[in-house]
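Asks: I'll drop the sequence and a predicted model, then ask my questions.
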There are 2 protein chains.
Amino acid sequence: MAIRVAIVEDDRGIREGLSILVGGSPGFTCTAAYANAESALIGLPKNPPDVVLMDIQLPGMDGITCVAQASVLCPNTMFLMSTSFDNDEEVFNALRAGANGYVLKNTPPVKLLQAIAELHGGGSPMSASIARKVIGSLRPAQATPSASELSSRELEILEALSKGMRYQEVADTLFISVDTVRSHVRAMYGKLQVHSRTDAVNKVFPRVILRSLPIVDTPRRSIRRK
Amino acid sequence: MAIRVAIVEDDRGIREGLSILVGGSPGFTCTAAYANAESALIGLPKNPPDVVLMDIQLPGMDGITCVAQASVLCPNTMFLMSTSFDNDEEVFNALRAGANGYVLKNTPPVKLLQAIAELHGGGSPMSASIARKVIGSLRPAQATPSASELSSRELEILEALSKGMRYQEVADTLFISVDTVRSHVRAMYGKLQVHSRTDAVNKVFPRVILRSLPIVDTPRRSIRRK
DNA sequence: GCGTGAATCCCATTTTCATGCTATTGCCGA
DNA sequence: TCGGCAATAGCATGAAAATGGGATTCACGC
């Protein structure tokens, strides 16, 4: 069965060209072509294609935001980003938003179809520099500077705390008394200069929050009593 | 300047072959060749190469564990994994442990040197299926099923709580009363079936902890009172 | 041998959290 | 228009957590 492809591209000429290319190639079908992100978000869920070829630069809502939302609405659809420039940061953000690969706009037709096929086949076409960035992002929680200040026992306890365990539970699993847990926690808080479990955990095990939609930044908390 | 390459490979024939290949190719230098992970861990830090070609299957400590530790000791060194089989899971773990790319053992010499060069140049040679896996791991915190159960206001509050804010602080930043925060929290806990801030946060914003070293799994907490 | 720090433990106090019950307002869909 | 739900708020209680002040043991380095 042919790979069902939808296109999101604001430039009419390119859009129609792609539409014809995809529609006219054996093994591919063009199910829809949208001129902007907004209409794509409305149309895509009604008839989810296998692959969406999405321009990043779009009037109004950009392609990255569009993917972020569309990937939720169409969980089985793959998104192939299309960019004019090989902008690492931008493409990287797109990948985090839910895209599965990307191609440059000047990619020759044959290569483009290959990329679509690769995407549909389970691959993720992208450039070497993007690949490196992506891989690098896999190991962030590794050497947190603040973690080195803690003893291994303390880390062990913090690890438990990060899972939501109460002091008594931590004590039970580590075969020590609750008071010992308290002591360690106190020592940790002192070293880390924090005053709560959540703060400690966030400081030592930075949360890799990969949100698709921008979230308003909440102002930082103030110092507490004293 | 030539790319300095070290080799970790238990098979003597392959090891010597690689050593000769790398040492005899212009632009490459072979700085060392180790027969096992243990000796590599001792030798590598003394003379950190640019790239380490590391076999995954090794007697004793495996190549993944070795990379996990060596990458900490030699932060500027790139690790290229070498596998006999295209085992996604295994290679993926290696990447999480700190490897930057991988090649199959039957890779022809020219391709191998290309991969080393690509790695050294900032790329990350890997197969399509690995790339896909890697990209997929980028967006876990996205469509958490439990998050959809919460109202936007509740999410907003939980977001604040995840940063370590106390109820009073949340109330102040959102311009509502502490009791209202309490109410929302109660409603959330009910929906999420949890009984603490940490549990709620973990459930809605799953922490992407990518450790290089395996950590003992702590048993799950029990139900609380009642 | 002595200081130091990690790990263990105990007791006590204050703060913050979790939870239960209740209640008002405003919006939206049946 | 009525019922339900989200958002707001108050009051109260008991459970955890945070903090403070000790104390002991043990390994390690100087």
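Replies: Received it, and whenever you're ready, just let me know what you need.
Asks: moving C-terminal from the lowest-mean-pLDDT helix or strand in chain A, which element do we reach first?
Replies: Using mean pLDDT, DSSP states H and E, helix A:128-136 stands out as the lowest-scoring helix or strand of chain A, at a mean of 69. As assigned by DSSP states H and E, the chain's next helix or strand after helix A:128-136 is helix A:152-162.
Asks: report the angle between the lengthiest helix in chain A and helix A:152-162.
Replies: Once chain A is assigned using DSSP state H, the helix that runs over the most residues is helix A:178-192. Following axes from the mean of the first three to the mean of the last three C-alpha atoms, to 10 degrees, one obtains 100 degrees for the angle between helix A:178-192 and helix A:152-162.
Asks: what about helix A:178-192, near DNA strand C?
Replies: Yes - for helix A:178-192, a contact with DNA strand C is found by C-beta under 7 Å from any atom of the strand, at A:D179, A:T180, A:R182, A:S183, A:H184, A:A187. No exception for glycine: its C-beta is placed from N, CA and C like everyone else's.
Asks: what's the PyMOL syntax to select whichever of those are buried?
Replies: Burial among the residues of helix A:178-192 next to DNA strand C is assessed by 16 or more other C-beta atoms under 10 Å in any protein chain shown; the matching PyMOL selection reads:
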select buried, chain A and resi 180+184
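Asks: ok, back up a step: the longest helix of chain A near DNA strand D at all?
Replies: Yes - applying C-beta under 7 Å from any atom of the strand, one finds helix A:178-192 touching DNA strand D at A:R182, A:S183, A:V185, A:R186, A:Y189.
Asks: quick check: the third one touching A:I157?
Replies: Yes - because the distance of 6.8 Å satisfies C-beta atoms under 8 Å, A:V185 is recorded as touching A:I157.
Asks: give me the more crowded residue out of those two.
Replies: The neighbour comparison of A:V185 against A:I157 (other C-beta atoms under 10 Å in any protein chain shown) goes to A:I157, with 27 against 18.
Asks: ok, the more buried one to A:S183 distance?
Replies: A:I157 sits 10 Å away from A:S183, going by C-beta to C-beta, to the nearest Å.
Asks: before we move on, what about A:P206?
Replies: A:P206 sits 25 Å away from A:S183, going by C-beta to C-beta.
Asks: which stretches of chain A form strands?
Replies: Remark: strands assigned in chain A by DSSP state E are A:3-8, A:28-34, A:51-55, A:78-83, A:101-104.
Asks: would you list the ones you listed in JSON lines and tack on mean neighbour count, distance to DNA strand C and mean pLDDT?
Replies: As requested, the strands of chain A are exported to JSON lines (neighbours: other C-beta atoms under 10 Å in any protein chain shown; distance: least, C-beta to the nearest atom of the strand, whole Å; pLDDT from 0 to 100):
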{"stretch": "strand A:3-8", "mean neighbour count": "25", "distance to DNA strand C": "28", "mean pLDDT": "94"}
{"stretch": "strand A:28-34", "mean neighbour count": "20", "distance to DNA strand C": "26", "mean pLDDT": "93"}
{"stretch": "strand A:51-55", "mean neighbour count": "27", "distance to DNA strand C": "29", "mean pLDDT": "92"}
{"stretch": "strand A:78-83", "mean neighbour count": "24", "distance to DNA strand C": "30", "mean pLDDT": "89"}
{"stretch": "strand A:101-104", "mean neighbour count": "22", "distance to DNA strand C": "38", "mean pLDDT": "83"}
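Asks: and those strands: which comes nearest A:V201?
Replies: With C-beta to C-beta, the closest approach to A:V201 among these belongs to strand A:78-83: 33.0 Å.
Asks: the closest one and chain B, any residue contact?
Replies: No - using C-beta under 8 Å from any C-beta of the partner chain, strand A:78-83 stays clear of chain B, with a minimum separation of 9.4 Å.
Asks: which strands or helices does that strand pack on?
Replies: Helices and strands touching strand A:78-83, by 3 or more C-beta pairs under 8 Å, 6 or more residues apart in numbering or on different chains; DSSP states H and E, are strand A:51-55, helix A:63-73, helix A:88-97, strand A:101-104, helix A:109-120.
Asks: that one versus helix A:109-120: what angle between them?
Replies: Angle, strand A:78-83 to helix A:109-120, by the same axes, to 10 degrees: 140 degrees.
Asks: strand A:78-83 to helix A:63-73, inter-axis angle?
Replies: Counting by the same axes, to 10 degrees, strand A:78-83 lies at 180 degrees to helix A:63-73.
Asks: so strand A:78-83 versus strand A:51-55, what angle?
Replies: 20 degrees.
Asks: pLDDT wise, what is the spatially most central residue of chain A at?
Replies: The centre of chain A sits closest to A:R96, judged by C-alpha atoms, centre = their mean, with a distance of 2.4 Å. Predicted confidence (pLDDT) for A:R96: 75.
Asks: swap in A:R139?
Replies: Looking at A:R139, its pLDDT reads 60.
Asks: if I look at the spatially closest residue to A:C74 that is not a sequence neighbour, how far off is A:S162?
Replies: Nearest non-adjacent residue to A:C74, counting by C-beta to C-beta, 6 or more residues apart in numbering or on different chains: A:P48, 4.1 Å away. Separation of A:P48 from A:S162 (C-beta to C-beta): 37 Å.
Asks: more neighbours, these two?
Replies: Neighbour count, other C-beta under 10 Å: between A:P48 and A:S162, A:S162 has more, with 22 against 17.
Asks: okay, the closest residue to the more buried one other than its chain neighbours and DNA strand D: tell me how far apart.
Replies: Leaving aside its chain neighbours, A:S162 sits nearest to A:V201 (4.4 Å; criterion: C-beta to C-beta, 6+ apart). Here the criterion is C-beta to the nearest atom of the strand, to the nearest Å. By it, A:V201 lies 10 Å from DNA strand D.
Asks: can you check A:M1 too?
Replies: Counting by C-beta to the nearest atom of the strand, the gap from A:M1 to DNA strand D is 41 Å.
Asks: A:T107 now?
Replies: Distance of A:T107 to DNA strand D, computed by C-beta to the nearest atom of the strand: 44 Å.
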